[in-house]
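1. 3D model of this:
(chains A and B)
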Amino acid sequence: MAAPMLSTVIDILTRQAALPAGPVTPTATLTEAGVDSMAVAVLAMVLEEDHGLVFTETVLSGQSTVAELAAYIESHRAAAA
Amino acid sequence: MTAAPAALATAPAFADTPFTTDDRPVAWRNRDFPCRVLRPRAAPASVPLLVLGGGLQDRRSWARLERRLGHRHPLVIPDLPPARTPGRAGDRPRRDHLGWDDLTDAALHAADQTGPGPFAVLGVSSGYPVAYRLAQRHPERLTHLLLFGAAPRPGPRLRTLIHEGLAREAAPGPGPHREAAGRLVDLLTNPRAGADLLMIRAAARMLRNQLTASPQDPLARYVADRGQLLLDDPLPAGGVTGVRTLVGVGAHDSVTTVEDNRAVAATIEHATLAVMRDADHLLHMERDADFADLISRFLHRRPLTTPGTLVTRP
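-> Coordinates of the predicted model:
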């Protein structure tokens, strides 16, 4: 189930947080992907408002890559389900 | 005109950026202040752009603008010195306090980091009074003046908050700064517009997080940096002539309203006014791609057809 979450995370980062899409790849580190504090705030808010998943910005920005970020979110979603 | 939209923060630095960065001290009078200088690896497409942010911003607050403009435009982003040391409000003016003219002189020294030639200046929020004075006093150096979030004078809410900041500074309290951060955020953003606009909500949340985490009382810091100066003629008399000028504002800006920005634009010969939809005072964060697009179009004399932006004469 990680792949749908990965798609969701990339979609939020590029379409709603307005990051340029090119660097936002699964293997990119958050720095390489351009994920800044504004993008993390958008991600946290969309996850909370649209998906009912609550994360702090500190936890989200502490993940290494885009794929790991999605996997972390997915693991907590599955645990909460 | 206030403040500050703060730190966009944690600036991602790509391994193969199309520009180089250099953080250097600028020697000015009897002190140094830091300055970030970006140079495109390819031949630059324009003169350098001096970026003067608001009171709660610093030289690392412009990561998104760097990514969108840095490949073509040299950028000079100084941390201008604070008007005075926080915690020393006292009665103004004191001899060691800086005024708008001092900050303007410091900004000119920062611009000289890329040489003595012409440059463009971008003044955002409380960076605007400095940018305006640069254009007024050194029109021969400036190719373009771009102002975002300007007002002839602070509105009543901001004036009240500045005075509260002065009082807090005189009698600092312990503990976290959540309340002060919340007041600043509520002033700088438009919660009513944010109810329908994700990016306005996100910018407010990010700013609140950063201010709350700050080791300093954010309101006292804001007042000491430039906030108190806003009470003293941010818009000097005499207007600006001979410098191509764009004044921009978010349609939902409630601290420097569209009418405030229109009034500032009206003091500048042949100025253009741009109103960006779906944004407030933090428009450079909420619509960063369009913000950069508008700047680039203006610098290159291209039609100002940025999406969701209404362009008029003031």
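2. so residue A:35 makes contact with residue A:19?
-> Yes. Between residue A:35 and residue A:19 there is a contact under CB atoms under 8 Å: 7.0 Å. For every residue, glycine as well, the C-beta is placed using N, CA and C.
3. quick one: common contacting residues for the two?
-> Contact with both residue A:35 and residue A:19 is made by residues residue A:13, according to CB atoms under 8 Å, 6 or more residues apart in numbering or on different chains.
4. now do the strands in the stretch 51-200 of chain B.
-> B:75-78, B:119-124, B:142-148 (DSSP state E, counting those that start in this stretch).
5. pick the most buried one from the ones you listed.
-> The highest mean neighbour count among the strands of the stretch 51-200 of chain B, using mean count of other CB atoms under 10 Å in any protein chain shown, belongs to strand B:119-124: a mean of 28.
6. okay, now the unreliable bits of the chain?
-> Using chain A here. For chain A, the stretches flagged by pLDDT under 70 are A:1-2.
7. hm, I was asking about chain B
-> In chain B (pLDDT under 70), the answer is B:1-16, B:86-95, B:172-176.
8. just checking, residue B:243 touches residue B:144?
-> Yes. Using CB under 8 Å, residue B:243 is in contact with residue B:144, at 7.0 Å.
9. got any residues that touch both of the two?
-> Joint contacts of residue B:243 and residue B:144 (CB under 8 Å, 6+ apart) do not exist.
10. list the contacts of the closest residue in space to residue B:314 that isn't next to it in sequence.
-> In space, residue B:314 comes closest to residue B:265 once its chain neighbours are excluded; the distance is 3.6 Å by CB to CB, 6 or more residues apart in numbering or on different chains. By CB under 8 Å, 6+ apart, the contact set of residue B:265 is B:147, B:245, B:247, B:271-273, B:314.
11. how near is residue B:265 to chain A?
-> 27 Å (CB to the nearest CB, to the nearest Å).
12. now swap in residue B:209 and tell me
-> 6 Å.
13. I figured that residue hits residue A:60, correct?
-> No. Using CB under 8 Å as the test, residue B:209 is too far from residue A:60 to be in contact (11.9 Å).
14. right, and residue A:42 touches residue A:16 too?
-> Yes. Residue A:42 is within contact range of residue A:16, at 5.5 Å (criterion: CB under 8 Å).
15. any residues in contact with both of those two?
-> With CB under 8 Å, 6+ apart, residue A:42 and residue A:16 have common neighbours residue B:198.
16. so which strand or helix has residue A:8?
-> helix A:2-11 (DSSP states H and E).
17. which helices and strands does that helix pack with?
-> helix A:66-80 (3 or more CB pairs under 8 Å, 6 or more residues apart in numbering or on different chains; DSSP states H and E).
18. which other helices and strands contact the helix it packs on?
-> Short answer (3+ CB pairs under 8 Å, 6+ apart): helix A:66-80 packs on helix A:2-11, helix A:30-33, helix A:57-61.
19. using TSV, lay out the ones you listed together with mean neighbour count and distance to residue B:23.
-> Shown next, in TSV, are the helices and strands packed on helix A:66-80 (neighbours: other CB atoms under 10 Å in any protein chain shown; distance: least, CB to CB, whole Å):
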stretch	mean neighbour count	distance to residue B:23
helix A:2-11	17	32
helix A:30-33	21	18
helix A:57-61	17	23
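20. so which of those is nearest residue B:46?
-> Residue B:46 sits nearest to helix A:30-33 of all the helices and strands packed on helix A:66-80, at 27.5 Å, using CB to CB.
21. any part of that closest one near chain B?
-> Yes. Helix A:30-33 comes into contact with chain B (CB under 8 Å from any CB of the partner chain), by way of A:30-33.
22. returning to what we had before: who wins on neighbours among the contacts of residue B:265?
-> residue B:147 (31 neighbours; other CB atoms under 10 Å in any protein chain shown).
23. any idea where the helices of the stretch 1-150 of chain B begin and end?
-> Secondary structure of the stretch 1-150 of chain B (DSSP state H, counting those that start in this stretch): helices at B:63-69, B:100-111, B:128-137.
24. would you mind giving those helices as JSON lines with distance to chain A and mean neighbour count added?
-> Shown next, in JSON lines, are the helices of the stretch 1-150 of chain B (distance: least, CB to the nearest CB, whole Å; neighbours: other CB atoms under 10 Å in any protein chain shown):
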{"stretch": "helix B:63-69", "distance to chain A": "6", "mean neighbour count": "24"}
{"stretch": "helix B:100-111", "distance to chain A": "24", "mean neighbour count": "21"}
{"stretch": "helix B:128-137", "distance to chain A": "22", "mean neighbour count": "25"}
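25. dump those to a markdown table, plus distance to residue B:82.
-> Below are the helices of the stretch 1-150 of chain B laid out as a markdown table (distance: least, CB to CB, whole Å):
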| stretch | distance to residue B:82 |
| --- | --- |
| helix B:63-69 | 22 |
| helix B:100-111 | 9 |
| helix B:128-137 | 13 |
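26. does residue B:235 really touch residue B:267, like I thought?
-> Yes. Contact criterion CB under 8 Å: residue B:235 and residue B:267 qualify, at 6.9 Å.
27. fine, thanks again, bye for now.
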